[in-house]
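> no FASTA, just this:
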């Protein structure tokens with residue numbers, strides 16, 4: 001490689017120089033590439049990027065590790081997503097997701113992270129092979145971006161294509177759970193299909209497996225994992241009705257349903273869904289606002305009576 005023949009920092013061995021450069025926050029790497037040929041090679045080569053992540057994990061104290069946010073401004077196959085470092089207030093683009101030659105205007109997908117990987121799952125898009133072309137279709141495509149290598153890879157698709165669905169990560173098991181969803185596109189305020197299927201993705205095996213289905217159809221819902229033991233699906237909409245037989249409106253759910261994630265010896269979920277009940281009364285708002293679940297591993301105030309981490313849930 002180029003870094004083996006060109007000095008990263010004159011007068012220092014390259015292994016020492018690599019440790020020094022690895023301390024620089026990731027969003028600034030792109031700005032350093034024009035400095036010299038050796039730095040361009042060091043910050044561009046995929047194997048060197050993996051080395052940088054490894055050195056950061058080995059030498060940086062845990063409190064110095066930055067939490068990165070991945071922002072998707074538009075269809076990630078057409079517009080570059082961005083990483084934001086809230087500690088250093090720095091932005092940097094990442095490559096667009098692999099493009100689908102038959103699909104466009106992807107929206108209502110789910111994005112989650114596990115370790116140094118960002119996953120983009122499902123969504124709703126327009127397919128040039130479908131008729132009529134102005135009717136959106138759900139997709140089951142799944143992709144993963146490796147922050148260490150700086151590249152995307154295609155994963156096994158979901159068993160049931162869907163967009164606008166609940167999605168949560170069981171990080172200690174290396175799994176992603178999805179539930180509900182449908183085909184509604186951001187360009188349309190109503191209509192679209194709904195599903196009640198639930199499935200789980202295993203990161204190591206790259207495979208999807210079915211889980212017990214929701215009690216009913218539910219789309220536009222939010223998912224979160226509590227203590228790694230429960231999968232919550234909140235809000236969303238199910239059936240729809242029309243006003244004067246013309247204008248469709250959704251029937252929004254006020255409740256939540258919970259799936260116990262206890263497994264037997266064959267890695268099968270033992271329990272079923274239980275209903276939590278309405279989250280607000282009839283006199284309050286009829287539609288669920290944007291729900292955000294925050295889980296801070298560094299905050300001891302987030303622990304319950306048993307000393308386990310629980311998320312904070314906000315409705316905006």
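On my side now, so go ahead. Nothing here was measured: the structure is a model prediction, and the numbers come from that model.
> Show me where the chain has its helices.
With helices called from DSSP state H, the chain shows them at 14-22, 29-32, 37-44, 46-59.
> And the pLDDT for residue 32?
Looking at residue 32, its pLDDT is 91.
> for residue 291, same thing?
Note for residue 291: predicted pLDDT of 70.
> likewise residue 192?
We note a pLDDT of 78 for residue 192 in this prediction.
> The closest residue to it other than its chain neighbours: neighbour count?
Once its chain neighbours are removed from consideration, residue 192 has its nearest residue in residue 184; the separation is 3.2 Å (C-beta to C-beta, 6 or more residues apart in numbering). In this view, the C-beta of every residue, glycine as well, is placed from N, C-alpha and C. As a burial measure, residue 184 scores 24 neighbours (other C-beta atoms under 10 Å).
> wouldn't residue 184 be in contact with residue 123 here?
No - under the criterion of C-beta atoms under 8 Å, residue 184 makes no contact with residue 123, lying 10.7 Å away.
> overlap in contacts of these two?
By C-beta atoms under 8 Å, 6 or more residues apart in numbering, residue 184 and residue 123 have these common neighbours: 108, 163.
> List the residues that contact the residue nearest to residue 19 when sequence neighbours are not counted.
On the basis of C-beta to C-beta, 6+ apart, the spatially nearest residue to residue 19 that is not a chain neighbour turns out to be residue 55, at 5.5 Å. Under the criterion of C-beta under 8 Å, 6+ apart, the neighbours of residue 55 are 18, 19, 22.
> So which of these wins on neighbours?
Highest neighbour count within the contacts of residue 55, by other C-beta under 10 Å: residue 22, with 21 neighbours.
> Quick check, pLDDT for it.
The model reports residue 22 with a pLDDT of 90.
> Over to residue 232?
Here the pLDDT value assigned to residue 232 is 92.
> And for the one 5 residues further on?
In the prediction, the pLDDT value recorded for residue 237 is 87.
> how close does it sit to residue 217?
As defined by C-beta to C-beta, to the nearest Å, residue 237 lies at a distance of 9 Å from residue 217.
> what do you get for residue 291?
Distance of residue 291 to residue 217, given as C-beta to C-beta: 19 Å.
> Please apply the same query to residue 70.
Following C-beta to C-beta, the distance that separates residue 70 from residue 217 is 30 Å.
> Quick one: distance of stretch 241-253 to the chain centre.
Counting by C-alpha atoms, centre = their mean, to the nearest Å, stretch 241-253 is centred 31 Å from the centre of its parent chain.
> same deal with stretch 147-167?
When distances are taken as C-alpha atoms, centre = their mean, stretch 147-167 is centred 8 Å away from the chain's centroid.
> so what's residue 233 closest to, chain neighbours aside?
The shortest distance from residue 233 to any residue that is not its chain neighbour, by C-beta to C-beta, 6+ apart, is 4.5 Å, and that residue is residue 166.
> swap in residue 129?
residue 102 (5.3 Å).
> wait, doesn't that neighbour sit right on residue 127?
Yes - applying C-beta under 8 Å, one finds residue 102 in contact with residue 127, separated by 5.6 Å.
> which of those two has more neighbours?
residue 127 (16 against 11).
> residues in contact with the more buried one?
Neighbours of residue 127 in contact, by C-beta under 8 Å, 6+ apart: 102, 103, 133, 137.
> again with residue 114
For residue 114, the contacting residues are 169, 171, 174, 176, 203, taking C-beta under 8 Å, 6+ apart as the criterion.
> Out of the residues you listed, which is nearest to residue 276?
Nearest to residue 276, judged by C-beta to C-beta, of the contacts of residue 114 is residue 169 at 20.7 Å.
> State the number of residues packed around the closest one.
For residue 169, the tally of surrounding residues (other C-beta under 10 Å) stands at 21.
> Not counting its neighbours along the chain, what's nearest it?
On the basis of C-beta to C-beta, 6+ apart, the spatially nearest residue to residue 169 that is not a chain neighbour turns out to be residue 112, at 5.0 Å.
> quick one: the one you found from residue 149, how far?
Taken as C-beta to C-beta, the span from residue 112 to residue 149 is 19 Å.
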